[in-house]
Each structure stands twice: as C-alpha cells, then as structure tokens.
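Novice: return atomic coordinates for the entry below.
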Amino acid sequence: MTNCTSEPGLIDTGTLAGTGPGHIDAFCETIGFTAAQTERLFRAATSFGLPVKIHAEQLSDQKSAILAARYGALSADHLEYLGEDGVAAMANTGTVAVLLPGAFYFLRETRLPPIEALRRAGVPIAVCGEMAGDLQLTRLLLGVGLRNFSMHPAQLPAIKERILRTNLAEVRPLAQRVLRSTDPRRTRELLARLNA
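Specialist: Here you go, the predicted model:
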C-alpha cells in the first residue's frame, strides 16, 4: 500500500493519503470514537470508495488496529498499546504502522509501540511526516532507533544526505539527553550539538 522510493526505509507519504477525493481518519480510543462507531464510519467510507486511516491503541488496546486491518486501512497511527493480535492483523493486510514520536515524548508516555514485533511480522513502519521531514530532527529520530521515515518526496534528498552522514553510535547518547531535557534552552543547545 505504500509507494516506497528507490531508497530503503524512505516512504512517500503521498501514497499513505490514498487517491481520489481524500480519506477518512478516525480516533478510536476510550476518549474518542468507540470501535462500533469507527466501524460504522469505515463501512460508510469504503462504500464510497474512500480509503481509511486510524489513530489506534494510543492509550489502551481497543483492538482498533484489527478493525482497521479488516477494512484495509492505509495506516494505523500511534500503537503504543498494540497487542500481538493487532500486529498479526496489520501484517496480513499491509496496513502501515505510523509512529508519532512527538506525541509519545510530549505526552510523556512510558510504553513504547511494539516496534520489534512489528518488524518481525513485516509490518511497514513509518514516522509521522511532520517530524520525519524536518532536517533538524533527523539525527534525533535516528538516535531513538527509528529507521523508516515518512515524508514528502521533495524532502528525500536532504534527509538521505543527513542519514548517510550520521554515525549512530555518536548520536544515540546525545539523542537520549535531548529527550530527557526539561529545559527548553538546554534542549535547543543539545539539538544544535546533535546537528553540528
């Protein structure tokens, strides 16, 4: 379902948005749509030929990634509380797991998405385009272990160059210091060092 560029690990977000007039995006969670409401929305969307996406398993495992996979969702976003059954369902349909490290870190979430389980199952993994396409955050994202980036194709050359010039052993410790920083001025200083 993704149109991978010729470079491994770089995914064109234009294909995640689908084709035609747009797509339907639901937030299925205890504070959002219920699974029944989401299914009703997805059923209507697919009857009109609209692709679907979902914000799933961010705060709890609502089994919404399984629901999304059943409707051939383009992507399931967040996934901190995704269970093995959700991983399997996504692997069977090619639904892309979109990780949102900004939301994870700014909300001070403590549970990471099951990245290794997703990798083992062969689920395509992307990072939220707003952060992944920001040249100043590339090394930070690499330093926290992300390897697939979702972005606009025009951003690929600069990001690719930054990745190729990055020594992971050097950026990991500094990236962790950036993430632990609670002082905005110090965070900016650490980011500048990371990008030097």
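
Novice: contacts and neighbour counts: CA atoms only from here.
Specialist: OK.

Novice: so residue 113 makes contact with residue 81?
Specialist: Yes. When contacts are counted by Cα atoms under 8 Å, residue 113 is listed as touching residue 81 (6.4 Å).

Novice: between those two, who's got more neighbours?
Specialist: Set residue 113 next to residue 81 and count neighbours by other Cα atoms under 10 Å: residue 113 wins out with 22 against 19.

Novice: how far away is the more buried one from residue 47?
Specialist: Spatial separation of residue 113 from residue 47 under the definition Cα to Cα, to the nearest Å is 31 Å.

Novice: then residue 100?
Specialist: From residue 100 to residue 47 the distance is 29 Å (Cα to Cα).

Novice: quick one, which of the two is more surrounded?
Specialist: residue 100 (21 against 10).

Novice: and the helices in this structure, which stretches?
Specialist: Along the chain, counting by DSSP state H, helices occupy 13-16, 35-47, 64-70, 84-93, 101-106, 115-121, 129-132, 138-143, 156-164, 168-180, 184-194.

Novice: where among those is the average confidence lowest?
Specialist: When the helices of the chain are compared by mean pLDDT, helix 13-16 comes last with a mean of 44.

Novice: residue contacts, the nearest residue to residue 27 once chain neighbours are set aside?
Specialist: Take residue 27 and drop its neighbours on the chain: the residue closest to it by Cα to Cα, 6 or more residues apart in numbering is residue 55, 4.6 Å away. Counting by Cα atoms under 8 Å, 6 or more residues apart in numbering, residue 55 touches 25-28, 76-79.

Novice: same check, this time on residue 88
Specialist: For residue 88, the contact set (Cα under 8 Å, 6+ apart) comprises residue 121.

Novice: and it, how far from residue 105?
Specialist: For residue 88, the distance to residue 105 equals 26 Å [Cα to Cα].

Novice: residue 44 too?
Specialist: 34 Å.

Novice: can you flag the buried ones in the contacts of residue 55?
Specialist: Among the contacts of residue 55, the ones that count as buried by 16 or more other Cα atoms under 10 Å are 25-28, 76-79.

Novice: hmm, which of the residues you listed is lowest in pLDDT?
Specialist: Note: of those, the lowest pLDDT belongs to residue 25, at 90.
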